[in-house]
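S.K.: this is a predicted model, with the sequence first.
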Amino acid sequence: MTGWFSFLDGEATAGDVLALRRVEDVLRGTGAAYDVVWSPGFRAEGLHFGDVDPAAYSHLVFVCGPVHGPQVEELHRRFAHCVRIAVGVSAVDPGSPAVTGFDRVLARDAPGTEPTADLAARAPGLPARPVAGVILTHGQHEYGRRRRHERVAAEVTRWLAGKDCARLELETRLDAHDWRLCATPAQLEAVLTRLDLVVTDRLHGLVLALRAGTPALAIDPVAGGAKVSAQARACGWPALLAAEDAEGPGLAAGLERWWEWCLGEGRERARRIGAEFRAGARPDGADGLAEALGLEPRPAG
């Protein structure tokens, strides 16, 4: 079985891979043996066209995507002896060699035909995966030689790449003109409340996550500890790693430990701290502002 996910310069989309799963489900129901060819850029450990002997196969199935262009035409030449079937595809130009080379085309859409549902829609159900917001900074030059921001970000994102989770890169910076950024704190909070956890090396990444009742796995990017560590103490939040951890072999173990805690008992801890914030139960600097200004607070009511 092949698709655009098989070509060296192709790309694997979530829809294409789910379409493949739908076709695999059908083939498993028949007991037919099959192999899947992957792009080495997507799955280096998978079966690649360079490993394939066309003579070993009787059928070729092309899954999903548009059938057009020289790469698809090359499949017809290389697997000329096979029965070739395209399934769940868009036949952009039904008269092109890429389309006519197939013995049968089970199209999802083609000129003059009624479209069918995309294969991904009926793919087997997927297990739930945690959704992690990622809020990292490469700035804060005021810390000078104590800065470990680049190292922390590199090590944390390398570790995150291996986690079976959905990752959502976020910014605390607001911008009313860039559609990729939130324009108001309320917009950012709307995202944070929907996450399972936040991974951050920013003070406000930590605070805003807890304000939303969402656990935060925090890393202080300043050697010796700075405002992130101080804020974790002020909030009573234990899921914190030091910048020095990013320079040692224990970083992954520490990240894993706090990751599991955040997805477990840390959920209730974060909800409780968020409720304390809303109730004004934790002191902050503004509590002493009126006195510092020589003003008397007005009586309540």
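M.R.: Thanks, I have it. These numbers come from a predicted model, not from an experiment. Numbering: from 1, shown residues only.
S.K.: and the nearest residue to residue 115 once chain neighbours are set aside, how far from residue 221?
M.R.: Distances taken as Cβ to Cβ, 6 or more residues apart in numbering place residue 109 nearest to residue 115, at 4.2 Å, with adjacent residues excluded. C-betas here are computed from N, CA, C, even on glycine. Applying Cβ to Cβ, to the nearest Å, the value for residue 109 to residue 221 is 49 Å.
S.K.: neighbour count for these two, which is higher?
M.R.: residue 221 (29 against 15; other Cβ atoms under 10 Å).
S.K.: is it true that residue 60 lies in a strand?
M.R.: Yes. Residue 60: assigned to a strand according to DSSP: H, G, I helix; E, B strand; the rest coil.
S.K.: residues touching it, list them.
M.R.: 1-2, 75, 79, 82-85 (Cβ atoms under 8 Å, 6 or more residues apart in numbering).
S.K.: one more time with 6 Å, if that's ok
M.R.: By Cβ atoms under 6 Å, 6 or more residues apart in numbering, the contact set of residue 60 is 79, 82, 84.
S.K.: next, format those residues as TSV and append secondary structure and distance to residue 141.
M.R.: As requested, the contacts of residue 60 are exported to TSV (DSSP: H, G, I helix; E, B strand; the rest coil; distance: Cβ to Cβ, whole Å):
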residue	secondary structure	distance to residue 141
79	coil	57
82	coil	60
84	strand	59
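S.K.: quick check, nearest of the residues you listed to residue 21?
M.R.: residue 84 (21.0 Å; Cβ to Cβ).
S.K.: and the pLDDT at that closest one?
M.R.: pLDDT, residue 84: 98.
S.K.: that one: how many residues sit nearby?
M.R.: Neighbours of residue 84 using other Cβ under 10 Å come to 20.
S.K.: do the same with residue 232
M.R.: Around residue 232 there are 21 residues (other Cβ under 10 Å).
S.K.: now do the helices in the stretch 201-301 of the chain.
M.R.: 203-211, 227-235, 251-263, 266-279, 289-292 (DSSP state H, counting those that start in this stretch).
S.K.: mind giving me the packing neighbours of the longest helix along the chain?
M.R.: Criterion DSSP state H: the longest helix present in the chain is helix 14-30. When contacts are defined as 3 or more Cβ pairs under 6 Å, 6 or more residues apart in numbering; DSSP states H and E, helix 14-30 packs onto strand 59-66.
S.K.: what do you get if the cut-off is 10 Å, keeping everything else the same?
M.R.: When contacts are defined as 3 or more Cβ pairs under 10 Å, 6 or more residues apart in numbering; DSSP states H and E, helix 14-30 sits against strand 59-66, strand 83-90.
S.K.: out of the ones you listed, which comes closest to residue 19?
M.R.: Of the helices and strands packed on helix 14-30, nearest to residue 19 by Cβ to Cβ is strand 59-66, at 3.8 Å.
S.K.: tell me the first helix or strand C-terminal of the closest one.
M.R.: Using DSSP states H and E, the helix or strand that follows strand 59-66 towards the C-terminus is helix 70-78.
S.K.: which positions in that next one come out as buried?
M.R.: Of all the residues in helix 70-78, those buried under the rule 16 or more other Cβ atoms under 10 Å are 72-73, 75-76.
S.K.: spatially central residue in the protein, please.
M.R.: residue 167 (3.0 Å; Cα atoms, centre = their mean).
S.K.: who touches the helix or strand hosting that residue?
M.R.: Following DSSP H and E, one finds residue 167 within strand 166-169. With Cβ atoms under 10 Å, 6 or more residues apart in numbering as the test, strand 166-169 has contacts from 128-136, 157, 160-161, 180, 191, 194-196, 198-199.
S.K.: quick one: mean pLDDT over it.
M.R.: 97.
S.K.: just checking, what packs against the next helix or strand after that strand?
M.R.: Later in the chain than strand 166-169, the nearest helix or strand by DSSP H and E is helix 185-192. When contacts are defined as 3+ Cβ pairs under 10 Å, 6+ apart, helix 185-192 sits against strand 131-135, helix 203-211.
S.K.: just want the angle from helix 185-192 to helix 203-211.
M.R.: Relative orientation of helix 185-192 versus helix 203-211 (axes from the mean of the first three to the mean of the last three Cα atoms, to 10 degrees): 70 degrees.
S.K.: fine, thanks again, bye for now.
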